[in-house]
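A.B. asks: Fold the stuff below for me.
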Amino acid sequence: MILPYLLRLLCLCCASFFVVNVAAGLLVCISSKSAIRFAESRTPMRAARLLLGLRLLPFVLAVLFVLELCVPSYLWLEPTATSERVGLLCGVLGLLGAATWLNSLARTAQSLFASLRHNRICRLAGQEARLPGESSPVVLVENEAPLLAMAGLFRPRLLISRSVLQNLSAEELDASLAHEHAHRASRDNLKRFLIQLAPDIFPFFHPLRTLERTWSRFAEWAADDQATAGDSGRAVSLAAALVQVARLGRGPRLPFLSTSLLASDRDFSARVDRLLETVPAIPAPAAQPQPALRTAGVLLVGCLAALLATPATLAVVHELLELLLH
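C.D. replies: This next block holds a predicted model:
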């Protein structure tokens, strides 16, 4: 197959992305059980950060390889001939990489449209209202189905149904709102967007789904911890709110890019039990900033980027790409 200069570059980028994404994704998949066991020994917030980083790692490494090595080495060392033959292997890998990306983009676009549509329907079916202690208005939905969720990516809005508002006590409502505000502070909806955007290892194959579900569970636990702040009374109120909302019936199906008080029925019992076992927190000393550690991390990343951009490294990468190309 003979392709012109820029189409060869596009084919190489897709093929390189697919190879790196598959290699890193399989390593993450193999180590996911050990990573989950390790995460269970950490606090929910740290566990969620660890699992999110693992889920996005193949995507990040593949993008960095393409942008930092594949494209510069090709543009620098590949002659600008009008056309050149592309091997069957490179063509197949390029098509697989393109299919993986198209599947990811289609899934992300579908989630965005579903989120926008749901938010618009809620605004049309409801009205803005002010709740005590809330700095911004919430969308009060006239719906019998229980709803308490944070919807939106960059400016998330709180959605609450009148049935939830009428059936929760002041303490239960305050703890529930604090839970959703914790999701907003952690930008969990944006993290869900990144998970959707990160391509799977193979098109239409989801071997990292367990990692995503476990991240979601720890994200809910982290929001519970931030909402209760180690206060056993608030923990009991939040547990009671979960039970009350669950008794109101099944809530509406929410888009993926939103967080709900009752995120999943699978984790309901464990979540309530965990809240009821909350031990009153002892004030901890304020954490001291570590500017030296952050500076060392920035310097390490800078040195690594400079090393990868050296002519010798680009030459080696170009030789590997030539083998892949032919």
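
A.B. asks: quick one: residue 20 and residue 67 touch, right?
C.D. replies: No: judged on CB atoms under 8 Å, residue 20 makes no contact with residue 67 at a distance of 11.5 Å. The C-beta positions use only the backbone N, C-alpha and C, and glycine is treated the same way.

A.B. asks: what about those two, which has more around it?
C.D. replies: It is residue 20, of residue 20 and residue 67, that has more neighbours when counted by other CB atoms under 10 Å, with 21 against 12.

A.B. asks: Report pLDDT for the more buried one.
C.D. replies: Looking at residue 20, its pLDDT stands at 92.

A.B. asks: same check, this time on residue 322
C.D. replies: Residue 322 is assigned 62 on the pLDDT scale.

A.B. asks: Going forward, count from 248.
C.D. replies: Yep, numbering from 248; the last one is residue 569 now.

A.B. asks: isn't there a helix covering residue 464?
C.D. replies: Yes: counting by DSSP: H, G, I helix; E, B strand; the rest coil, residue 464 is found in a helix.

A.B. asks: measure the residue nearest to it when sequence neighbours are not counted to residue 396 for me?
C.D. replies: Excluding its sequence neighbours, the residue lying closest to residue 464 (CB to CB, 6 or more residues apart in numbering) is residue 514, at 5.3 Å. Distance of residue 514 to residue 396, computed by CB to CB, to the nearest Å: 16 Å.

A.B. asks: How many residues are close by residue 373?
C.D. replies: Around residue 373 there are 19 other residues, counting by other CB under 10 Å.

A.B. asks: give me the beta-bridge partners of it?
C.D. replies: residue 388 (DSSP bridges).

A.B. asks: Spell out which residues sit in contact with it, please.
C.D. replies: Shown in contact with residue 373 (CB atoms under 8 Å, 6 or more residues apart in numbering): 386-390, 406.

A.B. asks: Same question for residue 406.
C.D. replies: Residue 406 neighbours (CB under 8 Å, 6+ apart): 366, 369, 373, 385-386, 388, 394-398.

A.B. asks: redo that, cut-off 7 Å
C.D. replies: For residue 406, the contact set (CB atoms under 7 Å, 6 or more residues apart in numbering) comprises 369, 386, 388, 394, 396, 398.

A.B. asks: Could you look up the SS state of it?
C.D. replies: strand.

A.B. asks: Report pLDDT for it.
C.D. replies: On pLDDT, residue 406 comes in at 87.

A.B. asks: So which residues of the stretch 448-573 of the chain form helices?
C.D. replies: For the stretch 448-573 of the chain, applying DSSP state H, counting those that start in this stretch gives helices covering 456-475, 479-494, 515-523, 538-555, 558-572.

A.B. asks: Between residue 514 and residue 396, tell me which one has more neighbours.
C.D. replies: Comparing residue 514 with residue 396 by neighbour count (other CB under 10 Å), the higher total belongs to residue 396, at 28 against 16.

A.B. asks: The more buried one touches residue 503, doesn't it?
C.D. replies: No: counting by CB atoms under 7 Å, residue 396 stays clear of residue 503, with 11.9 Å between them.

A.B. asks: Could you list the low-pLDDT ranges of this structure?
C.D. replies: Where the chain drops to pLDDT under 70, the residues are 248-250, 324-333, 391, 511-512, 525-573.

A.B. asks: quick one: the strands in it?
C.D. replies: 249-251, 330-332, 373-376, 385-388, 395-398, 404-408, 505-507 (DSSP state E).

A.B. asks: Fine by me, thanks again.
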